[in-house]
Structure formats: C-alpha cells, structure tokens
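[1] pasted the sequence and its predicted model underneath.
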Amino acid sequence: GAGVSQSPSNKVTEKGKDVELRCDPISGHTALYWYRQSLGQGLEFLIYFQGNSAPDKSGLPSDRFSAERTGGSVSTLTIQRTQQEDSAVYLCASSLPGHPSGHSQETQYFGPGTRLLVL
Amino acid sequence: GESVGLHLPTLSVQEGDNSIINCAYSNSASDYFIWYKQESGKGPQFIIDIRSNMDKRQGQRVTVLLNKTVKHLSLQIAATQPGDSAVYFCAEDDQGAQKLVFGQGTRLTINP
C-alpha cells in the first residue's frame, strides 16, 4: 500500500458509547504511534508501539483509552464511555525502527486521521 | 517540562516571497527535529528534518536552520506558492524515546 490508512474517516457517537478507531501502517514499519489533535491545536502523543516491545502508554489521558496492535501491523485505538472532550482528530503514524543506538529518530508518516465527534 | 512552541500563530506572505516560520524548543537534550506541513483535513506531511549535529539542511525550496545555542529552529520556504498554505508544525524527539513533541503550529496563508 501507499501510506498509512485509517478508518473510519469520520465518526459521530453519543456520549457514553464506545468507539474503535483503526490504523493500517505502512508495510514494513515496525513502529506505530497514535496522536490526538484537538481543533486548532498541535498533536498530543497517546501511545507508541515498537515491534514486540511493551508499548509506551504514557500519553493515554485516562483508563478509558486503550490500544492494541495485532500481529505487529494493524492497530486499534479504543475509547470507552466516550465524553464530549474526547472529540478530536485521532492520527496514526508509522515509521521504521530507529537506529540501535536509540538516539536516532526515523521519520514518522501520518495517516489522514479519524475525526471523532461525541455528542 | 519540555515543550516546543512557535513564536507566531499566523503568518501571511505575498505569493513569490520567502516565508520564515520560527520555533523555540526548551529541551536542550533533543537531538532530532522535524517540520511537518498539515493541510486542511489531512494528516501532517513530513517536510524536512535535521539532527543536532547540523545547523542547516536544505531541501527543495525549503531550508531548516537549527541554532542550539538559543534553542531555536526555523523553516524557510523560498518563493512561496499558494500550495504552501497550511499549518506548519515543528517537532522534537523526546530524548531518543521516539516520541515526538509537537509545537502548536503556525498557519501560513499566501496572498495573491
């Protein structure tokens, strides 16, 4: 495939419902990231997966947020009991792994995002 | 805590002029910086990056300058075109943790 894909592109849900957002990374990219972007704001880091390592969940805002990555490829971000403040664009990015030194970042390529609106 | 921010939230330039977008960062340990362009309704698109062992890097019509002394990063766009209209974000890596910290963004508008 060409780039990172995300689905759905738009999601409207009612407060209190659960939602699942999907990300298909670029083939061969072992690193996958989720970010949240509120209207007119920068990107807020949520979670990072790298290969078979334990994910870095330090950016998840609450225990209502969770993510998994199956088979080292597709990832799903789940928001339980959605709240109105969860309304945002959720962006996924993927990259090649960094250098073994751990001090070299590889470029992250972003998907188009899922626009979530919680009513 | 560490943060990356931008001096100006909006920038308006005449078509054909050069644009300079600035970014200040606070984490002196950051060693990798990226500029992203985000058009309306799309995800951020990589423009150019620079590592801390460099102070300048050039791409096609874009140049990134890094001044580690004052922790300042800038993106220069030559001969700005209507297609350059977008929000531009700078980002730094989180001390090699592969977790980017983004600034708030600068909206660049092009006047005909």
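    Noted; the coordinates are in hand.
[2] can we go C-alpha only for contacts and neighbour counts from here?
    Fine.
[3] neighbours of the closest residue to residue B:16 other than its chain neighbours, how many?
    Of all residues not flanking residue B:16 in the chain, residue B:79 sits nearest, at 4.2 Å (CA to CA, 6 or more residues apart in numbering or on different chains). Look at residue B:79: counted by other CA atoms under 10 Å in any protein chain shown, it has 14 neighbours.
[4] ok, residue B:79 touching residue B:17?
    Yes: Residue B:79 is within contact range of residue B:17, at 5.0 Å (criterion: CA atoms under 8 Å).
[5] quick revisit: for the residue nearest to residue B:16, what are its contacts?
    Counting by CA atoms under 8 Å, 6 or more residues apart in numbering or on different chains, residue B:79 touches B:15, B:16, B:17, B:18, B:19, B:61.
[6] where does it sit: helix, strand or coil?
    Secondary structure assignment for residue B:79 (DSSP: H, G, I helix; E, B strand; the rest coil): coil.
[7] ditto for residue B:69
    Under three-state DSSP, residue B:69 comes out as coil.
[8] distance-wise, check it relative to residue B:31.
    Using CA to CA, to the nearest Å, one obtains 13 Å as the distance from residue B:69 to residue B:31.
[9] so these two - more neighbours on which side?
    Comparing residue B:69 with residue B:31 by neighbour count (other CA under 10 Å), the higher total belongs to residue B:31, at 20 against 7.
[10] which residue packs closest to the more buried one, ignoring adjacent ones?
    The spatially closest residue to residue B:31, leaving aside those adjacent along the chain, is residue B:52, at 4.6 Å (CA to CA, 6+ apart).
[11] residue B:32 is in contact with the one you found, correct?
    Yes: taking CA under 8 Å as the definition, residue B:52 is a contact partner of residue B:32 at 5.9 Å.
[12] more neighbours, the two?
    Set side by side, residue B:52 and residue B:32 show more neighbours around residue B:32, with 23 against 15, by other CA under 10 Å.
[13] and the more buried one, what's its pLDDT?
    pLDDT, residue B:32: 87.
[14] got a list of what the nearest residue to it once chain neighbours are set aside touches?
    Nearest non-adjacent residue to residue B:32, counting by CA to CA, 6+ apart: residue B:51, 4.5 Å away. Neighbouring residues of residue B:51 by CA under 8 Å, 6+ apart: B:31, B:32, B:33.
[15] from these, which is closest to chain A?
    For the contacts of residue B:51, the residue nearest chain A by CA to the nearest CA is residue B:32; the value is 6.7 Å.
[16] closest to residue A:118 among the contacts of residue B:51?
    Set against residue A:118, the nearest of the contacts of residue B:51 by CA to CA is residue B:33 (33.7 Å).
[17] which residues does the closest one form beta bridges with?
    residue B:50, residue B:92 (DSSP bridges).
[18] quick one: contacts for it?
    B:49, B:50, B:51, B:52, B:90, B:91, B:92, B:93.
[19] which two from these end up farthest apart in space?
    So, those by CA to CA: farthest apart are B:52 and B:90, at 14.2 Å.
[20] residue B:64 versus residue A:67, what's the distance?
    For residue A:67, the distance to residue B:64 - CA to CA - is 35 Å.
[21] what about the two, which has more around it?
    Legend: neighbour count by other CA under 10 Å for residue A:67 and residue B:64, higher for residue B:64 (25 against 21).
[22] residue 57 - how many residues pack around it?
    Went with chain A since none was named. 16.
[23] think we crossed wires, I meant chain B
    The burial count for residue B:57: 15, using other CA under 10 Å.
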